[in-house]
Structures are given as structure tokens and as C-alpha cells.
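*Asks:* Build the 3D model from these lines:
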Amino acid sequence: MEVIEQEVRVPGKEIIFRAPSPSLPFSQVAGFGDLLFVSGTVGRDPHTGEMSCEIAEQTRQALEIIEHQLTKAETSLRHVLKTTVFLVDMSLYEEMNKAYGGFFGQKAPARSCVEVSALPDDEALIEIEVIAAR
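*Replies:* Numbering: from 1, shown residues only. The predicted structure follows:
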């Protein structure tokens with residue numbers, strides 16, 4: 001699986017990292033001013049294309065991908081202000097929460113968590129999006 005990383009910058013204003021495939025009509029990351037928005041991210045390994053069937057591993061992988069995107073945009077998980085977590089089954093909440101907490105600890109951002117009937121990736125149990133400061 002090829003990972004395409006295109007970037008557009010306007011000094012001090014805009015940053016965009018395109019989707020991993022030209023056929024996808026969205027940006028993985030978009031920012032303006034002091035805010036950075038990371039699109040919904042699932043726990044699929046971007047290099048192998050594989051995805052675990054365990055919620056903890058999918059949570060960890062999704063947050064590692066988000067962390068990588070934030071680092072490329074010259075910020076970090078420490079600057080995440082808000083996350084939205086989409087779960088296909090709310091019974092996975094406790095296990096997801098344990099894996100999630102390992103990334104944010106005591107200074108966790110504001111968060112919403114909702115159950116959805118499906119995600120665009122049919123193997124995904126979770127999708128996470130974030131808003132961060134730069």
C-alpha cells in the first residue's frame with residue numbers, strides 16, 4: 001500500500017495533508033491559524049494495509065497515525081483540544097478507553113464518543129478525529 005503525502009502550506013495560515021489516495025475527496029489534515037483538524041482515522045496500518053480485529057490495537061494504531069500527522073504539522077498529542085471517537089459497538093468502550101488513556105493520561109482533551117451503525121472501512125471498529133492547537 002503506497003502512502004502519498006502531499007502538503008500545501010501558506011506561511012502562518014493554511015496547512016493541508018491530502019488523503020492517502022487521490023480518489024478520496026478529503027484531506028487527512030487541514031489547518032488554519034492556530035487550529036489543526038485531523039480527519040477521522042481508523043486503525044489500519046498505513047504500510048501493510050492490515051488491521052487488527054482487537055479494539056485496543058485499532059485504537060492504538062489510529063492514535064499513532066494521528067500522532068504522526070500532528071508531528072508532520074509541527075505539533076503533538078499534547079496540543080489536542082478535542083477528540084471525537086466513533087465506535088461500531090458501545091460495548092467496546094471500556095477496552096477502547098484503556099488504550100486511549102495511554103496516549104493522553106491525566107491531561108486528556110475534551111472528547112465525544114458515539115456509537116455508529118457502520119464506518120467507511122468495513123473492518124474498522126473505531127474511527128477517531130481530533131482538533132489540535134499549533
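*Asks:* in the protein, which spans are helices?
*Replies:* Along the chain, counting by DSSP state H, helices occupy 55-72, 93-104.
*Asks:* can I get those helices in a markdown table with distance to residue 79, mean pLDDT and mean neighbour count?
*Replies:* All C-beta spots, glycine's among them, are computed from the backbone N, C-alpha and C. Supplementary listing: these in a markdown table, determined by distance: least, CB to CB, whole Å; pLDDT from 0 to 100; neighbours: other CB atoms under 10 Å:
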| stretch | distance to residue 79 | mean pLDDT | mean neighbour count |
| --- | --- | --- | --- |
| helix 55-72 | 7 | 96 | 20 |
| helix 93-104 | 11 | 96 | 16 |
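*Asks:* Take these and write them to CSV, including distance to residue 133.
*Replies:* Formatted as CSV, those follow (distance: least, CB to CB, whole Å):
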stretch, distance to residue 133
helix 55-72, 10
helix 93-104, 14
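*Asks:* Of these, which is nearest residue 30?
*Replies:* helix 55-72 (10.8 Å; CB to CB).
*Asks:* From the contact counts, what lies against the closest one?
*Replies:* Counting contacts by 3 or more CB pairs under 8 Å, 6 or more residues apart in numbering; DSSP states H and E, helix 55-72 is packed against strand 27-32, strand 35-41, helix 93-104, strand 126-133.
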